[in-house]
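In: what follows is a predicted structure for the sequence shown.
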Amino acid sequence: MVIDLTNNHQLPIEKIALSEISETIQIIPLETSDSVLIGRISGIKMEADRLYVRASNGVFVFDSNGKFLNTVGSKGRGPREYVYLYDLFPENNMVWLIDASGKKVLKFTDAGRFVESFELEKQIFTEFYHTGDDTFIGFVPDFCQPNTDIMLAFFNKMGMVDSILYRNPIKEGNTMVRFYVAEVNFINHGKRLKFKHLFNDTIYSIKNNKLTPEIALHLGARKANENARAEAAVQSPGAVDIFKDMDRAWLLGENDRYIYLKVEDNPFFYDKKEQKVHKWTLSLPEDKRIDLEQSIKFNPLYIDKNGHLIGETSPANAEDNPVIVVAKLKR
């Protein structure tokens, strides 16, 4: 499959209601109180009938109506605490927390009871994904392992169980390369796991611990350029803007009908049925605006493995409670 984004900067912005691409829309104001104050939200996960919100001050669990249930884990340096929470992965009534600074994985029940923890391998991981069955993928960036290949490492509490080599453009010289947030993306479409690297315009599927090219992004003259990154590596950090002549393209999810991408700050949806790219900004329909007291700007974050487009709204007033939107996309 090829997704043509050659003229993405020239595409007109289409403003449509979220209901046009969704079967159902849930508006979920999160319950807060003096004892439940949510800081800046950095991630939202949905599993079964629960919402897991990763915020600057902790992990909060809510039911499907936004009622607060409990927290999971806490900050600290103890064996049951995390220093810097990279991400969380809920599945089968369990929640895994990735502590990137403390270099460990912590496992809790969804009710917040500690189960176990284990230390990560010595490699420096900058991205993670939970593949199920207590197994994870960790991404080791090239600046952490000069003169080798970028590696996707599969690991569990027993250690590394497998790995995938991925060409490293940096072979010599100073490897002080700037780190970029979300340098790689993992998405799960049902049981089909996919991977994209920021400096490569190919989207791979991961099956049997191997990468298989599946989707090519065409970005024209502004395509991803691994060689540019290699050139920047031999210069002092900040001396070269790697993205001056290339676009950053993130892979943010997929269902049976749509693939959600973000190029720079613009959201793109590829409609598999139409075989067409849309540059959409999505608004909530009129009846939903009333529910939110005119809080109508919808910020889509990702498509989850069950085909839900999950995002948040910009509240009308700064003191308003956070509002999560869950839309079941059309197939």
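Out: Ah, there it is.
In: can you show me the helices along the stretch 201-331 of the chain?
Out: Assigned by DSSP state H, counting those that start in this stretch, the stretch 201-331 of the chain shows helices spanning 226-233, 286-291.
In: confidence-wise, which of those is weakest overall?
Out: Note on these: helix 286-291 shows the lowest mean pLDDT, a mean of 62.
In: which residues are contacting stretch 115-125?
Out: Outside stretch 115-125, the residues within contact range by CB atoms under 8 Å, 6 or more residues apart in numbering are 79-80, 94, 100, 103-109, 138-141, 144-145, 151, 153, 155-157, 159-160. Every residue, glycine included, has its C-beta placed from N, CA and C.
In: er, stretch 201-214 actually
Out: 1, 137, 152, 154, 162-164, 166, 192-196, 215-219, 223-224, 249, 251.
In: repeat that for 7 Å
Out: 1, 154, 162, 164, 166, 192-196, 215-217, 219, 223-224, 249, 251 (CB atoms under 7 Å, 6 or more residues apart in numbering).
In: buried ones in it?
Out: 201, 203-204, 206, 211 (16 or more other CB atoms under 10 Å).
In: circling back: filter the contacts of stretch 115-125 down to the buried ones.
Out: By neighbour count, with 16+ other CB under 10 Å, these hold 100, 104-108, 138-141, 144-145, 151, 153, 155 as buried.
In: circling back: looking at the contacts of stretch 115-125, which are in helices?
Out: With helices taken from DSSP state H, there is no overlap with the contacts of stretch 115-125.
In: now the two most distant members of the buried residues of stretch 201-214.
Out: By the measure CB to CB, 201 and 206 form the most distant pair in the buried residues of stretch 201-214, at 17.3 Å.
In: which residues does stretch 76-91 contact?
Out: By CB under 7 Å, 6+ apart, the residues outside stretch 76-91 that reach it are 43, 45, 47, 52, 54, 59, 73-75, 95-102, 106, 110, 114, 117, 128, 130, 132.
In: now tell me which helix or strand of the protein has the poorest mean pLDDT.
Out: helix 286-291 (a mean of 62; mean pLDDT, DSSP states H and E).
In: correct me if wrong: residue 304 contacts residue 44.
Out: No. Using CB atoms under 7 Å, residue 304 makes no contact with residue 44, being 9.4 Å away.
In: which one's more surrounded, the two?
Out: The neighbour comparison of residue 304 against residue 44 (other CB atoms under 10 Å) goes to residue 44, with 24 against 19.
In: tell me which helix or strand that one sits in.
Out: Element membership for residue 44, per DSSP states H and E: strand 41-47.
In: quick one: buried residues of that strand?
Out: Under 16+ other CB under 10 Å, the buried positions of strand 41-47 are 41, 44-47.
In: who are the packing partners of that strand?
Out: strand 50-55, strand 85-91, strand 308-313 (3 or more CB pairs under 7 Å, 6 or more residues apart in numbering; DSSP states H and E).
In: what is the orientation angle of that strand with strand 85-91?
Out: Angle of strand 41-47 versus strand 85-91, following axes from the mean of the first three to the mean of the last three CA atoms, to 10 degrees, is 10 degrees.
In: kindly export strand 41-47 (C-alpha atoms) in PDB.
Out: Output of strand 41-47 as PDB, limited to C-alpha atoms (Å, rounded to 0.1, in the frame of the first residue of the first chain):
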ATOM      1  CA  ILE A  41      -2.600  14.900  31.000                       C
ATOM      2  CA  SER A  42       0.100  13.200  28.900                       C
ATOM      3  CA  GLY A  43      -1.600  10.000  27.900                       C
ATOM      4  CA  ILE A  44      -5.000   8.200  27.900                       C
ATOM      5  CA  LYS A  45      -5.600   4.400  27.500                       C
ATOM      6  CA  MET A  46      -8.900   2.600  27.400                       C
ATOM      7  CA  GLU A  47      -9.300  -1.100  28.300                       C
END
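In: residues in contact with residue 154?
Out: So residue 154 contacts 135, 137, 160-163, 209 (CB under 7 Å, 6+ apart).
In: let's see it at 6 Å
Out: Shown in contact with residue 154 (CB atoms under 6 Å, 6 or more residues apart in numbering): 137, 161-162, 209.
In: same deal with residue 216?
Out: The contact partners of residue 216, taken as CB under 6 Å, 6+ apart, are 2, 202.
In: which of the contacts of stretch 201-214 are buried?
Out: Buried members of the contacts of stretch 201-214, scored by 16+ other CB under 10 Å, are 154, 164, 166, 193-196, 215, 217, 219, 223-224, 249, 251.
In: which among those gets closest to residue 30?
Out: Among the buried ones among the contacts of stretch 201-214, residue 251 lies closest to residue 30 (CB to CB), at 27.2 Å.
In: quick one, phi psi at the nearest residue to residue 31 once chain neighbours are set aside?
Out: Spatial nearest neighbour of residue 31, chain neighbours left out: residue 68 (4.7 Å); criterion: CB to CB, 6 or more residues apart in numbering. Phi and psi for residue 68, reported as degrees, to the nearest 10, are phi -70, psi 130.
In: shouldn't residue 68 be in contact with residue 36?
Out: Yes. Between residue 68 and residue 36 a contact is recorded at 4.9 Å, counting by CB atoms under 6 Å.
In: fine by me, we can end here.
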